[in-house]
Structures are given as C-alpha cells and as structure tokens.
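Engineer: build me a model:
(chains A and B)
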Amino acid sequence: MASSSSQPARVRFAPSPTGNLHLGGARTALYDFLLARQTGGQFILRIEDSDRRRFVEGAEEEIFKSLRWMGLDWDEGPDVGGPYGPYRQSERKEIYQHYADQLIEMGKAFTCFCTPERLDLVRTEQQKRKEPPHYDGTCRNLTAEEVKARVDAGEKHVIRFKMPVTGSTTVRDLLRGDITVENRTLDDYILVRSDGLALYHLAAAVDDHLMKITHVIRGSEWLPTFPLHSLIHRAFGWEEPEWVHLSLFLKPSGKGKMSKRERAELVKDGYSFFIKDLEELGYLPEAIVNWIALMGWSYDDHTEFFSLRDLVEKFSLDKLNPSPAAINYTKFDHFNGLHIRALPVTELARRMKPFFLAKGIHADDATLLRIAPIVRERLQGMDDAPELAGFFFKEDVEPVAADLVIKELTPAESAEVAKKIVKLLEALPDMNLETAEPPMRELVEQSGLKAGQVFGLMRIAITAQHVSPPLFESMQIIGKDKVVARMRRAVELLSSL
RNA sequence: GCCCCCAUCGUCUAGUGGCCCAGGACGUGGCCCUCUCAAGGCCAAAACGAGGAUUCGAAUUCCUCUGGGGGCACCA
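Structural biologist: Residues are numbered from 1 along each chain as shown, chains lettered A, B, ... in the order given. The predicted model follows:
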C-alpha cells in the first residue's frame, strides 16, 4: 500500500474565481483532500485571481460553499489563514516581482519590448510555414544597458522565460511517466505582463514552492505547459513537487468537454455540471463524492460504495487512470439512491424537509420521521420526495374520479366495493398494520377480486396517486379519520360517474 | 497547421506475459418477489481499434497506422 510509506503531503486546490465549482474541479479538490487527510498533511485552498479582469463577483464564496458542502474542509486558505499566506494571488504581487527579477539576474528570463501586433503577424507566418507558433527571439539578447534605457524611456515591456533553444526537456508525471519534448517546440512564455502582474505560470511555481506543496494535482489541460512549469522550478534550483495530471471529464456522449449548450440540455433533464445546482436537484454530497471519486480512480474489483471516510483510508495515487472519462449521469443516479438508502432515518427525514418546503408543503418532523423508512428505497433523488409523499401532509386529496374505477369493473360496481371498504374501516379501532391489513385481505378473498384491484382503488382514494409507498404502512401514518374520510369521498366520486 | 496526452463491453472500470475463449458496476433484456412503484435476488446479451514485431505464450512489451481528447493568449 502506497500510503504506508507516505510522508505528510501538502496539497493545494487552486481554482480561479471565474465561475462556479464544476465536477472536474470538485474531483481534483477531492483527490487533494484525500491525499492530505490520508497522509496527515494539509489541504490548502489558494485562489488564482492574478487576472482581475476575469474576476466574477461572488464566485469565490460559491466555490467555498460547494467545497464545504461536499465535506472538503481546508487547513489553509484565504478565509482561514495559515502560515504561508496570503492565499490569494492578487495579494502576492510583490513576491512574484521579486522572483521575476531574480530570474532576469540569473539570465533565465529577459525583458521583451515586442508589440502584440507584431507577434500576431509572426505567429500567422509561422503557422503558414507549418512551424510551431512561438516567440521569434527578437529581444532575447538585448544588452542590460539597452534594456534599462528603453525601460527608463517608458517603453512597454513584458518579462519572458528564456527557453532553451536546443535539446529536449524531460518531465515526469506520476501517472504517465516521463514526457520528453523538443525545446524548439517550446515558447519563451510571458511570465510578467506589461502592467507588472505575474501570469499564472510564474505565480503558481513561486507559490507552490513557497507554500511547500508536495503534490500538484490538476487537470490534464495543463500538460502542454507542464514542461514550462517544471523548468521554472529548475531555473530557481527548487525541488519539484510530484506532478499529477488527471484525466479530463468528457460530456456524456464522450465527444469533447462540456459546453454551455450541453449544460442547458442537462438542466432540462435534471442534471448539472455545477456542484451548486446539484443540491437542489436532489443529489446528496455523499453521492457526488462517491461518483466522481470513481471517475479516474478505482479501488478493487468489486467495491464501489464509499463514504468520504472510506476514501480517505482507501485512496491511492497509483490507482489513478490517465484516460479521459465520459460523464455517466445514470450511474450518478444509482449512487444517489445508494446513499439515500444508507442514510439513517433521522438524517433522511431532516434532509427531506426542505424539498417539501420548496413545494409549499409544510412537512412536520414527526411525520417526516415516520415516512422516511417507507420512502427511502423509492427515492432516486431527494427531490422525488414531495411528489411521492406529499399526500401525507395534506388535509384532503383530490383523486381523478375515473382513476378510481376498478379495472374490468363498472363505476357502479367499483362504488359498491368502496362502500364495503368504508364500512370495514369504520368498524376498526385504528389503522395499524396488524389491525387494518387482515380484514382487507379477507375482503379481497370474498369479493373474488384481485388484491391489486381492491388495493388499487384504495391507493387512488387515499393518495390520489398511482404510485405510492406501501398502502397499509401509509394508512397507519395517515390515521383512521383521514383514511375513512378519503374513502367516503371516493364513494361519492364513483357514484357521480 | 504544430505540440502533447489517451485507447478493454454503450458508459465507468479491473487487468502490469501464462490464473483471461477477459472480471465488476451502471444501463439494457428476461425471470423471481409483489397492493402500485421501487428496493432486493437470479440469469442473459455486451469489449481487448487495426497491422506488424518480440516471445514457447500478449489485453498486458515495442513500432506504425487509425481513432478520440487537450493545448497553441500580456486566461487559468
């Protein structure tokens, strides 16, 4: 087991506050959390907001909320502080500037005065010649004096990384092994913008080093710039963290990643790519965690049900799978059902309540507690609760008269059956299972009808639904008065046909 | 166009040279249970992308092709 030899890991989740937390990010955060907790290390939350133009108001808070809802608490972060702060990149400008200067002094970076307009032209021509698009090196070898003069003259400039032009670079990813690229295909990436702000590449490397990050776990969209990041660490002479590039999540069709259009379609079907939406769609955080944990990671041949605690114990980096995974929402529904059924009754009752409230049904705690055991295996999502069990909380229900007619019988004949039921129930002391079910079974025997026919009528009469929790258990909870009243109403309705 | 990554049932995956004419899960079909609907139980159909090479032996190693994905910003 890999964990036996592991040192405490310091792992960071580093979202940019440009939108809500989505499934891919949630899974990265989950793995970060698991590794930190498993090794007794720290889970760090760092906000990558160096580009303020892309900042979205409220996004940061939403990300915090989603993470906490899933049970992923962090040890260091912008809101909880920590020994290596600040944890927002926008508050670390001076730090990056210092390291950028250091890189220039070491000859590993250079000041560049090229205009974006000229660079665009260069790129287009390179593409025409079927060359990899890259910086053409114009400012690579300016003298220190010339640079100083132009800077002093107020000329706009950026700082670029001085990429080696010959040879190759080999970087190591934990799940893919060594990756070797020809240096001539690499670019002299910009490290610091003309407004003095560091770009992600520099900022992340500096932060990861300063924050003593041991494992960088991130999506494989970072693979193309991976050599750059590795090279920045090496340029400073820093020890590199373990690099782990996770597989991408593909849309359910398996063709490409999620787009806005797909998201709209999903919501229509009751799904979402955003953690924020999933709660009100009736998903349990436990189900989300279990489901996404298994997209790109596996434990063994037959274990698939995991709590967050289980995962902390069982997770291991060496069981990660590098291939892209298409999102499978039907399996998500399956896991949701599994976790709903695994919930203690009191907890299920508590969590169902808001879903009734959302439909304007004031569900009381005592009844909630009683219906929980009989609805639990019928809920695919928590949002199914009001539709399935709303009738428990209503004074009256209004069945469609025609639905009360027993199959293969006339309305008049059905009314007769209903009358007999009323008479029988009225005579009973209560609606307990043991009290009510035997006489009704007897009625079925005597009438020559099938159980489904008689109970079907009762179900419609009492619940106004074709689908409901078990009839007699339901009657016991509703109580004699309401049951009898609803059956009488059924007789009326049938007689009116 | 250039660079990089990936490749087992429809989907998520197990599998690290013989235990695999490939195992599990979701979904699908059938049966059982049954007051509806579920849940549960049993059964079934369903995959190693193609071609070479290495080897006594390849899903597992190597090469080529094909396919899929990602990236190519003074975004992250």
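Engineer: my guess is A:Pro78 contacts A:Ser90. True?
Structural biologist: No. Using C-beta atoms under 8 Å, A:Pro78 is not in contact with A:Ser90, being 10.0 Å away. From N, CA and C alone the C-beta is placed, and that goes for glycine too.
Engineer: higher neighbour count, those two?
Structural biologist: Neighbour totals were compared for A:Pro78 and A:Ser90, and A:Pro78 leads with 19 against 16 (other C-beta atoms under 10 Å).
Engineer: who's in contact with that one?
Structural biologist: By C-beta atoms under 8 Å, 6 or more residues apart in numbering, A:Pro78 lies in contact with A:45-47, A:60, A:85-88.
Engineer: what do you get if the cut-off is 10 Å, keeping everything else the same?
Structural biologist: A:17, A:45-47, A:49, A:60, A:64, A:85-88, A:91 (C-beta atoms under 10 Å, 6 or more residues apart in numbering).
Engineer: let me know the closest of the residues you listed to RNA strand B.
Structural biologist: Set against RNA strand B, the nearest of those by C-beta to the nearest atom of the strand is A:Asp49 (7.2 Å).
Engineer: tell me which helix or strand comes right after the strand or helix carrying A:Leu103.
Structural biologist: According to DSSP states H and E, A:Leu103 maps onto helix A:93-105. Counting by DSSP H and E, the next helix or strand C-terminal to helix A:93-105 is strand A:109-112.
Engineer: quick one: residues in contact with that following strand.
Structural biologist: Residues contacting strand A:109-112 (C-beta under 10 Å, 6+ apart): A:99-104, A:119, A:135, A:137-142, A:144, A:146-148, A:150-151, A:155-163, A:188-192, A:194, A:202, A:232, A:235.
Engineer: with neighbour count, secondary structure and distance to A:Val244 added, can I get the contacts of A:Pro78 in TSV?
Structural biologist: TSV is the format used below for those (neighbours: other C-beta atoms under 10 Å; DSSP: H, G, I helix; E, B strand; the rest coil; distance: C-beta to C-beta, whole Å):
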residue	neighbour count	secondary structure	distance to A:Val244
A:Pro17	23	coil	23
A:Leu45	25	strand	18
A:Arg46	27	coil	16
A:Ile47	24	strand	21
A:Asp49	21	coil	23
A:Glu60	20	helix	25
A:Phe64	20	helix	24
A:Gly85	16	coil	24
A:Pro86	14	coil	25
A:Tyr87	23	coil	21
A:Arg88	16	strand	24
A:Glu91	13	helix	27
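Engineer: least confident pick among those?
Structural biologist: Within those, A:Gly85 has the lowest pLDDT, namely 84.
Engineer: follow-up on the earlier one: among the contacts of strand A:109-112, which are in strands?
Structural biologist: Using DSSP state E, A:158-161, A:190-192 are the members of the contacts of strand A:109-112 that sit in strands.
Engineer: can you narrow the residues you listed to ones near RNA strand B?
Structural biologist: Among the ones in strands among the contacts of strand A:109-112, the residues lying close to RNA strand B (C-beta under 7 Å from any atom of the strand) are A:158, A:190.
Engineer: need the ones in strands among the contacts of strand A:109-112 in a markdown table with pLDDT and neighbour count, can you?
Structural biologist: Output for those, formatted as a markdown table (pLDDT from 0 to 100; neighbours: other C-beta atoms under 10 Å):
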| residue | pLDDT | neighbour count |
| --- | --- | --- |
| A:Val158 | 97 | 19 |
| A:Ile159 | 97 | 24 |
| A:Arg160 | 97 | 23 |
| A:Phe161 | 97 | 23 |
| A:Ile190 | 97 | 19 |
| A:Leu191 | 97 | 26 |
| A:Val192 | 97 | 28 |
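Engineer: can you give me the helices for the stretch 1-150 of chain A?
Structural biologist: With helices called from DSSP state H, counting those that start in this stretch, the stretch 1-150 of chain A shows them at A:23-39, A:59-69, A:93-105, A:116-128, A:144-152.
Engineer: with the stretch 251-400 of chain A instead?
Structural biologist: Under the criterion DSSP H, counting those that start in this stretch, the stretch 251-400 of chain A contains helices at A:260-268, A:275-280, A:285-293, A:308-314, A:329-342, A:345-358, A:365-375, A:385-389.
Engineer: could you dump those helices into a markdown table and include mean neighbour count?
Structural biologist: Output for the helices of the stretch 251-400 of chain A, formatted as a markdown table (neighbours: other C-beta atoms under 10 Å):
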| stretch | mean neighbour count |
| --- | --- |
| helix A:260-268 | 12 |
| helix A:275-280 | 19 |
| helix A:285-293 | 23 |
| helix A:308-314 | 16 |
| helix A:329-342 | 18 |
| helix A:345-358 | 17 |
| helix A:365-375 | 17 |
| helix A:385-389 | 21 |
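Engineer: need the overlap of contacts for A:Pro78 and A:Ser90.
Structural biologist: In contact with both A:Pro78 and A:Ser90: A:17, A:47, A:49, using C-beta under 10 Å, 6+ apart.
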